[in-house]
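# coords below, sequence missing:
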């Protein structure tokens, strides 16, 4: 699956890179752009249109402060949009969180935790897995291994505690 990823500023890049790593691990293709909903709306619209042409199955949009970016992306596409509120401003991402989750009826944006870029990538994977059996299998294996790792860690802890 292909995903369009957009962020409002280059200062968002360190947080957004965590999503790239997850998507890379599952063999996704993606394009990334820095575009501002307020300062470069034409660039944003062109990016969304180009990503739709490439067959993007979802968009991930990271934004801080007023966080209009995910909502504007959602207004430009019918594909799922996953908003990532980013911290860094005076309100540590709470302003972005509230902006993203309060979308008007009919223009939904799935919203993950503040700086939750990994979960944004996993949600994109789940969206793709709905229609891709191989991706579903691969993600199921990933989740099963993550659970097994918890069991191994607990077993190690119990041994260390002599129980």
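Looks like it came in fine. Note that the structure is predicted; figures quoted are calculated from it, not measured.

# only C-alpha atoms for contact and neighbour calcs from this point on.
Noted.

# tell me the buried residues in the longest helix belonging to the chain?
The helix of greatest length in the chain, counted in residues with DSSP state H as the criterion, is given as helix 133-160. For helix 133-160, burial by neighbour count (16 or more other Cα atoms under 10 Å) applies to 135, 136, 139.

# ok, the last one to residue 64 distance?
Read it as residue 139. Remark: distance between residue 139 and residue 64 (Cα to Cα, to the nearest Å) = 29 Å.

# kindly report the same for residue 93.
Residue 93 sits at a distance of 6 Å from residue 64 (criterion: Cα to Cα).

# who has more neighbours, those two?
For the pair residue 93 and residue 64, the greater number of neighbours falls to residue 64 (29 against 23), based on other Cα atoms under 10 Å.

# torsion angles phi and psi at the closest residue to that one other than its chain neighbours?
The spatially closest residue to residue 64, leaving aside those adjacent along the chain, is residue 86, at 4.6 Å (Cα to Cα, 6 or more residues apart in numbering). Geometry field for residue 86 lists phi and psi as phi -110, psi 140, criterion degrees, to the nearest 10.

# one more: residue 4?
As for residue 4, its main-chain torsions (degrees, to the nearest 10) stand at phi -100, psi 130.

# number of nearby residues for it?
Residue 4: 23 surrounding residues under other Cα under 10 Å.

# direction included, what does whichever strand in the chain runs longest pair up with?
Ranked by number of residues, the top strand in the chain under DSSP state E is strand 56-64. Strand 56-64 has these partner strands in its sheet, going by DSSP bridges: strand 2-7 (parallel), strand 81-86 (parallel).

# redo those as TSV? Include distance to residue 15 and mean pLDDT.
Supplementary listing: the strands paired with strand 56-64 in TSV, determined by distance: least, Cα to Cα, whole Å; pLDDT from 0 to 100:
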stretch	distance to residue 15	mean pLDDT
strand 2-7	10	98
strand 81-86	8	97
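
# for residue 103, find the nearest of the ones you listed.
If you check each of the strands paired with strand 56-64 against residue 103 by Cα to Cα, strand 81-86 wins as the nearest, at 10.7 Å.

# gap between the helix or strand just after the closest one and the chain center?
Proceeding N to C from strand 81-86, the next assigned helix or strand is helix 94-101, under DSSP states H and E. Taking the mean of its C-alpha atoms, helix 94-101 sits 15 Å from the chain's own mean (Cα atoms, centre = their mean, to the nearest Å).

# buried stuff in helix 94-101?
Using 16+ other Cα under 10 Å as the test for burial, helix 94-101 gives 94, 95, 96, 97, 99, 100, 101.
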